[in-house]
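K.L.:
Got a predicted structure plus its sequence, pasted below:
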Amino acid sequence: MKLSLPRPRFWLPLLLGLTLPGFAVAQNVLEQIIDANREDFGPWVKHPDSFEVQVLFTQIDRDEAGRIQLTSHRWGTTSNEYFYPASTVKMPVAALALQRINELGIVGLDARTPMLTGRGILPQAAPQTVAMTDTSSTSGLPTVENYLRKVFLVSDNDAYCRLFEWLGPNYINGALRAVGIHGARIQHRVGVGGFDTETHQYLNPIRFAEGFRTLYEVGERHHDYYDPLPALKGQFRGVGYVTNDGDIVEEPFDFSHKNYLSIQHLHDIVLRLVLPEAVPAEQRFKLSEEDYAMIRRAMSERPRESSSPRYDKADNYVKFWMYGDQPEETEIPTSLRIYNKVGWAYGYLTDAAYVMEETTGTEFLLVGVIHVNANRIYNDGNYEYESIGLPFFGQLGRAVMAFERDRRARGR
């Protein structure tokens, strides 16, 4: 894999944060694309530091034998600055749920086995809720497969929380390190009230069952996982935040116990899911071909294409690159597939995607984050998602796509 170096002040943190071997220096094509379209882009292009923009673009080429060559280009602020990854953490947890089933190796247990979530009896388990049914499932029962599909099709919070409550942060973070993803931190549920740093550590009892027969179960547990990530800068951010009671606290918001994935982590996770052959065998998830097919289908489908679960959502609901700023009635062409996971919270918008167009043979990886919180107050709901954030993904995504289509047309 080749790596292009942006302007000199950005290169050292990038090199320190790489998780894949085999990089070499190449011309920074991403910087060229941005410079060529600078007049058409929003304020982020002139002030990337103010918007904490980070972009990682990987070109994909294949030789006559089908071997993959990756050339990566980076643009934006330093890579060791904290940002809140929001719902993108759901992507590795969904993949690891399939891996965990394979590791257990229990006859009859698979992604379609009913997964029943209980509630613990310890005092710290008070915020927990049960999940014994799932009306979005054809069987009416929750399963790993249905949770996984909900995670990718509409970024369902409850689906992620159930998988998190089963796996737990000790397993999740250890499994990521085992495949070469170091410096990540996934340690709490998302989009659910009543929990704090301590109660997130207490996990629900889980049972996988067919009828009255229990195939596998695990009781309530306490995972006190925490990694302070001391090399990561800016874990206290802004000038204030709004509490759950609606009060404004005029001091920086503490992200030091929040989840974290870098754009390099997200890039490398997408790569492992869609092009595992481009990754050393020891750094791949333990997934079967059926697992890969299941997760890729969920990553790339539009909500309207899904019959289970069934959704009435726009094509661009969770597709930011190229389409995030387009009208809801816009349909993404059938020949274009975007395998991705987005996140949005606290003014941070993130999208990690593998883009593939069958008609032109165009394919590339594109991961980016932008922070749109002008008043620097968190949890007040006052963010510039529509005016700056989504246009960033739409405009830059289309510019990258145009460049890669042209490159394919010219046979380069």
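P.N.:
Thanks, I have it.

K.L.:
What is the least confident helix or strand in the protein?
P.N.:
Scoring the helices and strands of the chain by mean pLDDT, DSSP states H and E places helix 11-17 at the bottom, with a mean of 34.

K.L.:
And for residue 402, the neighbour number?
P.N.:
Neighbours of residue 402 under the rule other Cβ atoms under 10 Å: 15. C-beta here means a position set from N, CA and C on the backbone, and glycine is covered the same way.

K.L.:
Can you give me the distance of residue 241 to residue 247?
P.N.:
According to Cβ to Cβ, to the nearest Å, residue 241 and residue 247 sit 9 Å apart.

K.L.:
repeat for residue 266
P.N.:
Counting by Cβ to Cβ, the gap from residue 266 to residue 247 is 34 Å.

K.L.:
Please apply the same query to residue 59.
P.N.:
In this view, residue 59 and residue 247 are 49 Å apart by Cβ to Cβ.

K.L.:
What of residue 210?
P.N.:
Separation of residue 210 from residue 247 (Cβ to Cβ): 49 Å.

K.L.:
Show me which of the two is the more surrounded one.
P.N.:
residue 210 (12 against 8).

K.L.:
can you count the residues close to the nearest residue to residue 187 once chain neighbours are set aside?
P.N.:
Leaving aside its sequence neighbours, residue 187 sits nearest to residue 169 (Cβ to Cβ, 6 or more residues apart in numbering; 4.3 Å). Close neighbours of residue 169, defined as other Cβ under 10 Å, add up to 22.

K.L.:
For stretch 132-147, buried residues please.
P.N.:
Buried residues in stretch 132-147, defined by neighbour count with 16 or more other Cβ atoms under 10 Å: 134, 136, 137, 141, 142, 143, 144, 145, 146, 147.

K.L.:
ok, residue 209 touching residue 116?
P.N.:
Yes - between residue 209 and residue 116 there is a contact under Cβ atoms under 8 Å: 6.2 Å.

K.L.:
ok, those two, which is more surrounded?
P.N.:
Set side by side, residue 209 and residue 116 show more neighbours around residue 116, with 20 against 16, by other Cβ under 10 Å.

K.L.:
quick check, the more buried one in a helix?
P.N.:
No - secondary structure of residue 116 (DSSP: H, G, I helix; E, B strand; the rest coil): strand, not part of a helix.

K.L.:
For the closest residue to it other than its chain neighbours, what is the enclosing helix or strand?
P.N.:
In this structure, residue 116 finds its nearest non-sequential neighbour in residue 207, 4.7 Å apart by Cβ to Cβ, 6+ apart. Using DSSP states H and E, residue 207 sits within strand 206-210.

K.L.:
which residues sit against that strand?
P.N.:
Identification of contacts with strand 206-210 by Cβ atoms under 8 Å, 6 or more residues apart in numbering yields 108-109, 113-118, 165-166, 214-218.

K.L.:
Whichever helix or strand comes after that strand pairs with which strands, and in what direction?
P.N.:
For strand 206-210, the following helix or strand on the C-terminal side (DSSP H and E) is strand 213-218. Strand pairing for strand 213-218, using DSSP bridges, gives strand 206-210 (antiparallel).

K.L.:
got the CA coordinates for the partner strand in CSV?
P.N.:
C-alpha atoms of strand 206-210 as CSV (Å, rounded to 0.1, in the frame of the first residue of the first chain):
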residue,chain,number,x,y,z
ILE,A,206,-28.3,-12.9,27.3
ARG,A,207,-29.8,-16.2,26.1
PHE,A,208,-29.8,-17.8,22.6
ALA,A,209,-32.6,-20.2,22.3
GLU,A,210,-34.6,-22.3,19.9
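
K.L.:
Pretty sure residue 324 sits in a helix.
P.N.:
No - counting by three-state DSSP, residue 324 is not part of a helix but coil.

K.L.:
which ones are touching it?
P.N.:
Taking Cβ under 8 Å, 6+ apart, we find residue 324 in contact with 316, 351, 389, 390, 391, 393, 394, 397.

K.L.:
Let's see that with 7 Å instead.
P.N.:
Shown in contact with residue 324 (Cβ atoms under 7 Å, 6 or more residues apart in numbering): 316, 390, 393, 394.

K.L.:
Which parts of the stretch 301-412 of the chain are strands?
P.N.:
Along the stretch 301-412 of the chain, the segments classed as strands by DSSP state E, counting those that start in this stretch run 336-345, 348-357, 362-371, 377-378.

K.L.:
any residues touching the first one, and which ones?
P.N.:
The contact list for strand 336-345 (Cβ under 7 Å, 6+ apart) reads 84-88, 90-91, 152, 155, 270, 274, 296, 299-300, 318-321, 350-357, 385.

K.L.:
Mind telling me what element residue 298 is part of?
P.N.:
helix 289-300.

K.L.:
So what touches that helix?
P.N.:
Residues outside helix 289-300 that contact it (Cβ under 7 Å, 6+ apart) are 94-95, 98, 111, 145, 148-149, 152-153, 273-274, 337-340.

K.L.:
Which parts of the chain are helices?
P.N.:
11-17, 29-36, 90-104, 144-154, 157-178, 263-274, 289-300, 390-409 (DSSP state H).

K.L.:
Quick check: which ranges of the protein have low pLDDT?
P.N.:
1-26, 412 (pLDDT under 70).

K.L.:
Can you pull up the most central residue in it?
P.N.:
residue 88 (2.4 Å; Cα atoms, centre = their mean).

K.L.:
Give me the nearest residue to that residue, chain neighbours excluded.
P.N.:
Excluding its sequence neighbours, the residue lying closest to residue 88 (Cβ to Cβ, 6+ apart) is residue 343, at 4.0 Å.
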